[in-house]
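Q: Here is my input; please provide its structure:
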Amino acid sequence: MILDIKEVIALTGRQRKDAQIRALRYMGIEHRIRPDGTVAVLKAHVEQSLGLKESEDVIKETEPDWSAI
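A: Numbers count the residues shown, from 1 in each chain. Take a look at the predicted model:
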């Protein structure tokens, strides 16, 4: 559900927390700062941001919207 510290380091390429935050902001990846200063990142958001997983909210329309006529 949430990336562990090793995954955050691998994703950002940074060891320090402040540098990780800058890298996540630059990549446009949603994150939160925990009370202890560590970074919390949802795996689902990373997958969606990097194009690995299509959002479940997005429904691909295969037909025209006939109700609009």
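
Q: average pLDDT across the strand or helix carrying Gln48?
A: For Gln48, the host element (DSSP states H and E) is helix 43-49. The pLDDT scores in helix 43-49 average 89.

Q: Please identify the buried residues of it?
A: Buried positions in helix 43-49, judged by neighbour count with 16 or more other C-beta atoms under 10 Å: 45-46, 48-49. The way it works is simple: take the backbone N, C-alpha and C, and place the C-beta from them, glycine included.

Q: Repeat that for stretch 29-46.
A: Buried residues in stretch 29-46, counted by 16+ other C-beta under 10 Å: 29, 31, 39, 41-42, 45-46.

Q: Show me which of those residues is closest to Ile21.
A: Nearest to Ile21 among the buried residues of stretch 29-46 is Val39, at 6.2 Å by C-beta to C-beta.

Q: Which phi and psi values does that closest one adopt?
A: According to degrees, to the nearest 10, the main-chain angles of Val39 amount to phi -100, psi 130.
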